[in-house]
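Visitor: Here is a sequence with its predicted model. Questions after.
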Amino acid sequence: DQQVKQNSPSLSVQEGRISILNCDYTNSMFDYFLWYKKYPAEGPTFLISISSIKDKNEDGRFTVFLNKSAKHLSLHIVPSQPGDSAVYFCAARLKAAGNKLTFGGGTRVLVKP
Amino acid sequence: DAGITQSPRYKITETGRQVTLMCHQTWSHSYMFWYRQDLGHGLRLIYYSAAADITDKGEVPDGYVVSRSKTENFPLTLESATRSQTSVYFCASSESRAQGGYEQYFGPGTRLTVT
């Protein structure tokens, strides 16, 4: 039973446009959410995070939105650049589970020049 | 500033062989993790460790053994490799903080093929 789901396996977007990646979760005890970016043949790298007490966090071109009532978070990338082409994973931390994270299946983003 | 390293980067082994994947971090992070990445499954946690000599199972621990005698090292052993263990394995580490900052930092991965 996947507690963190990324229902879109892939996304294609034109350079300069907005990329919106979605993530749904089922456990209301998740209290911290993260997004990771992964290039081929490399390990995932941390991108941005948000605490469950907030509904938005912004860092440059990246903004994460959290809708707790819908158990949904999204990552907005504006404007999208070719270097953003990668696989993106959302992850969630269960309260009282230490630093353990549960990851979604990933969304492959292709930014076309 | 080496960060977190994994060795080997690529490994081919035969069914039934024992193989050990190494992970080393230079940050003195308390937590260390082992994941496998398979198509359609994202990153699945195999084992993790909250501190030296403390380890615990993750989502998919069967067929794997870990140890953590030193804070900086967290080896993963496949006791008798099976084809289903062909995967890309990632090691990660993170600090222990009272609140927030649960980011994990990943190594470059080991691509393991079991023939």
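Guide: Done, it's in.
Visitor: Mind listing the residues bridging to the residue positioned nearest the centre of chain B?
Guide: With distances taken as Cα atoms, centre = their mean, B:Trp34 lies nearest the centre of chain B, 2.6 Å away. Note on B:Trp34: beta-bridge partners B:Tyr47, B:Cys91, judged by DSSP bridges.
Visitor: which residues touch the residue of chain A found nearest chain B?
Guide: Nearest residue of chain A to chain B: A:Gly43, at 3.3 Å (Cβ to the nearest Cβ). (Each C-beta comes from the backbone N, C-alpha and C, glycine too.) Going by Cβ atoms under 8 Å, 6 or more residues apart in numbering or on different chains, A:Gly43 touches B:4, B:90, B:92, B:106-109.
Visitor: and it, which of the three is it?
Guide: Here A:Gly43 is coil, with the state taken from DSSP: H, G, I helix; E, B strand; the rest coil.
Visitor: so where do the strands sit in chain A?
Guide: For chain A, the strands defined by DSSP state E cover A:4-5, A:10-14, A:19-25, A:30-38, A:45-51, A:56-59, A:62-67, A:72-77, A:86-94, A:101-103, A:107-112.
Visitor: looking at these, which is buried most?
Guide: Greatest average neighbour count among the strands of chain A goes to strand A:101-103 (a mean of 25), per mean count of other Cβ atoms under 10 Å in any protein chain shown.
Visitor: Would you tell me which residues of chain B are close to chain A?
Guide: Counting by Cβ under 8 Å from any Cβ of the partner chain, the positions of chain B adjacent to chain A are B:4, B:30-31, B:33, B:35, B:40-45, B:48, B:50, B:58, B:90, B:92, B:94-96, B:100, B:102-109.
Visitor: So which of the residues you listed belong to helices?
Guide: Counting by DSSP state H, no part of those is found in helices.
Visitor: So among the residues you listed, which ones count as buried?
Guide: Buried members of the residues of chain B next to chain A, scored by 16 or more other Cβ atoms under 10 Å in any protein chain shown, are B:4, B:30-31, B:33, B:35, B:42-45, B:48, B:50, B:58, B:90, B:92, B:94, B:102-107, B:109.
Visitor: low-scoring pLDDT stretches of chain A, where are they?
Guide: A:1 (pLDDT under 70).
Visitor: where does it come near chain B, residue by residue?
Guide: Going by Cβ under 8 Å from any Cβ, the residues of chain A near chain B are A:6, A:32, A:34, A:36, A:41-46, A:49, A:51, A:89, A:91, A:93, A:98-106.
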